[in-house]
Each structure stands twice: as structure tokens, then as C-alpha cells.
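Asks: Okay, sequence plus prediction incoming.
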Amino acid sequence: MSGFEIAGVVLGAFPILCGTAKNLGTMFKKTKWWWQFETSFENFVSTIATQEIAYIQVLERLLGPLDVTEAEYDSLLRDPKSNLWHESHIQEELRQCLPHSKYTWFMWNLSDLNTAIEELQKLLPIDK
């Protein structure tokens, strides 16, 4: 192949190279978007896990002084639908653990947290 033939091949390769680069650019933009989404989503999941741990620690501190059996303690800590949460003696003991102003604040925050979790459950494909 002479020098001019090589020049022609190279010249013909430029449009192919440019077209491929544009396609790769589009693909990399999508890849970049996916990477950003995946990173954000992983951060979101990590934040949820951290909040769950913090919430369990708060419950453990709150439930620790209660005069309940180990089975009742475990039920309160692990079963969000436990009927024990509605028992008057449990509610009274919880009120004793928290002064009125802190009890009101705690219940407001608990309500806000419950609302946020319900909204997240609506957004996510969770079997109900």
C-alpha cells in the first residue's frame, strides 16, 4: 500500500471514528447517569439502614426501664404491629420515662417518621 493509499484509508477512518466517538459519548453519558443514580441510590439505602439502627437504639433506651417480660420487650422491639404498644400499662410506663414535653416531641417525631415510611412504601415496589 502506497503512502497515498494509506492517507485515503486514514481519511476514510476519520468519519467512522468521529461517528463512533459520538455514539460512545452518548453511551458514556448514559453510563455516567446510571453511575450517578446507582451511587445516589446506594447512599439512600445506606441512610435508611443508618436511620433504622438509630431508631432501634432509641427504642432500646426507651424500652429498657419498662417493667415487662423479655418476650414483651422483644415483641415491642421487633414487631411494629404488636398489640402491646396499645396496652395502657405500657403507654403509662413510656410516659413515665419521658417528661410531658419530651413525650409530646417524641410522639410528633414518631408520627412524622411513620408518615415518611408510608410514603416511601408507596414509591417502592413492596409486596403488601
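Replies: Thanks, I have the structure now. Numbering: from 1, shown residues only.

Asks: Can you show me the helices along this protein?
Replies: If DSSP state H is used as the criterion, the helices of the chain fall at 3-63, 70-78, 88-97, 100-123.

Asks: what's the third one packed up against?
Replies: By that I understand helix 88-97. Helix 88-97 is packed against no helix or strand, with contacts defined by 3 or more Cβ pairs under 8 Å, 6 or more residues apart in numbering; DSSP states H and E. Backbone N, C-alpha and C define where each C-beta goes, glycine included.

Asks: what angle sits between that helix and helix 100-123?
Replies: Using axes from the mean of the first three to the mean of the last three Cα atoms, to 10 degrees, the inter-axis angle of helix 88-97 relative to helix 100-123 is 120 degrees.

Asks: tell me the mean pLDDT over helix 88-97?
Replies: For helix 88-97, mean pLDDT is 85.

Asks: repeat for the shortest one
Replies: Mean per-residue pLDDT for helix 70-78: 88.

Asks: re the thing from before, go through the helices of the chain and find the least confident stretch.
Replies: Ranked by mean pLDDT, these bottom out at helix 3-63, which scores a mean of 76.

Asks: can I get the helices of the chain in TSV with mean neighbour count?
Replies: Output for the helices of the chain, formatted as TSV (neighbours: other Cβ atoms under 10 Å):
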stretch	mean neighbour count
helix 3-63	11
helix 70-78	13
helix 88-97	13
helix 100-123	11
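
Asks: Measure how buried residue 65 is and give me the count.
Replies: Using other Cβ atoms under 10 Å, residue 65 has 11 other residues around it.

Asks: I'd like the numbering to begin with 348 instead of 1 from here.
Replies: New numbering, starting at 348: the last item is residue 412.

Asks: Surely it is in contact with residue 444?
Replies: Yes - between residue 412 and residue 444 there is a contact under Cβ atoms under 8 Å: 5.8 Å.

Asks: what touches both of the two?
Replies: Common contacts of residue 412 and residue 444 (Cβ atoms under 8 Å, 6 or more residues apart in numbering): none found.
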